[in-house]
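Student: sequence below, structure please.
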Amino acid sequence: MLSNFSKRFILPCALLLLIPAPSFAQGRAAAVLVDAVIEQELRSSAEVIGRILSLQSGPVTAEFGGQAAEVFAEVGDKVSKGQVLAKLDAVLLTAELARAAARLSQAQSLLKAAKRTSEHRKSELERQIMMQSTSGFLPRNLENAEFAMSNSESSVASAQAAVYIAEAEMRIAEVRVEKAEIRAPFDGVIVRRTIALGSYVRVGEGLFELVSIDSYEIEASVPSQFIPSMASGKAATFVTQDGSTGEAQVRAVLPKQDSRIRNQVVRFSASLPTSEFNFSDGQPVTLFLTLGDGRIAPTVHKDAVLQKGGQAMVYAAMDGKAVATPLVLGVAVGDRLEIKSGLGAGALAVVRGNERLRPDQDIKYDQPE
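Tutor: Down below sits the predicted model:
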């Protein structure tokens, strides 16, 4: 039988031996997979999905209000720049033009009369000036002639201004009559029509939607790691859904990035004869991009790269420790990324198990072949 002392001392100690020590478990090294940083030629290709965008598209609007008298264009019609698409009722506009023309004619007649009066006043003033040395000269007559000449000059100026106003009103009336004809602003195809015969058209109202089929670009959402290779003028090829192929060049990288997928919009210029290819606004295409420039540089496997607060970093395996190492990355080459700074060739980067690591944590791994 156990004594009271044994029950109080030995049994608690035995129970303590059965409890696992957490300190031992926490000290174990984490098993990870590593991959070596290698030097390789920076040249590869990638595919991205883009879409064709017409460089000219938009509504055809009315510059003046009025009732639609005639409509000539239908959805699907191919139209030329300057072609009349519709006409507004121009009866009132034509009457306003005739009134403006009459006012202009009246103003011109008043100007001619004012000029004739001015010439008469000028002759009278000259005659009074010549009579100053004669016995029949009266100073009062000279003053009256000078006053009349001044008034006649003011009348001419006023009549000339009236002519300018009438000419402007005439031009406005002419423009209103011209704008009663709704014309195509550029070559294209009618893709939408909202105007109806007899309907009243308001100023600025869109009557047709016109899309150019002669000038277009390609827009693509390109992964951010490919952006360093997207220099202006960089060549690319594309394929449409029907298998047609074409050439394109980088025109601009837009300074806006989608933070959710880390892609950036790139615009490509392209020029192909429409007789060979049937393109449409919004049509999807597959772009084949050439990445890199043939330089030799260190690269790291993409699975090793983590993003911490917007900074690319890897866990480098050094002396059995996971060392957090920030990187400056360049172009993508297949499943690897160029290292501009941070690690050199021969360094080991954790490619599996890195998501759970902590800086300077003990790790165990096999040397890569």
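
Student: look through this protein and tell me its longest strand.
Tutor: What stands out as the longest strand in the chain, according to DSSP state E, is strand 245-258.

Student: list the contacts of the one helix or strand residue 267 maps to.
Tutor: Element membership for residue 267, per DSSP states H and E: strand 263-270. Outside strand 263-270, the residues within contact range by Cβ atoms under 8 Å, 6 or more residues apart in numbering are 50, 216-224, 227, 230, 236, 238, 246-254, 256-258, 287. For the C-beta atoms, the positions are set from N, CA and C on the backbone; glycine is no exception.

Student: what strands line up against that strand, and which way round?
Tutor: strand 216-223 (antiparallel), strand 245-258 (antiparallel) (DSSP bridges).

Student: ok so, going back, CA atoms of the longest strand of the chain as CSV?
Tutor: Written as CSV, here are the backbone C-alpha positions of strand 245-258 (Å, rounded to 0.1, in the frame of the first residue of the first chain):
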residue,chain,number,x,y,z
THR,A,245,-4.3,36.6,-88.3
GLY,A,246,-2.8,40.1,-88.2
GLU,A,247,0.1,42.2,-86.9
ALA,A,248,-0.1,44.7,-84.1
GLN,A,249,2.3,47.1,-82.2
VAL,A,250,2.2,48.4,-78.7
ARG,A,251,0.9,52.0,-78.8
ALA,A,252,0.5,52.9,-75.2
VAL,A,253,0.4,51.3,-71.7
LEU,A,254,-2.4,53.0,-69.8
PRO,A,255,-1.4,54.3,-66.3
LYS,A,256,-4.1,52.3,-64.5
GLN,A,257,-3.9,48.9,-62.9
ASP,A,258,-6.6,46.5,-61.7
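
Student: now that strand: mean pLDDT?
Tutor: Averaging pLDDT along strand 245-258 yields 89.

Student: one more: stretch 218-230?
Tutor: Stretch 218-230 comes out at a mean pLDDT of 88.

Student: same question for stretch 338-358.
Tutor: Computed over stretch 338-358, the average pLDDT equals 94.

Student: mind listing what the residue lying closest to residue 212 once chain neighbours are set aside touches?
Tutor: Counting by Cβ to Cβ, 6 or more residues apart in numbering, residue 212 lies nearest to residue 56, which is 3.7 Å off, once chain neighbours are set aside. Residue 56 is in contact with 186, 188, 210, 211, 212, 215, counting by Cβ under 8 Å, 6+ apart.

Student: my read: the last one touches residue 55, true?
Tutor: Okay, so that is residue 215. Yes. If you go by Cβ atoms under 8 Å, residue 215 and residue 55 touch, sitting 4.2 Å apart.
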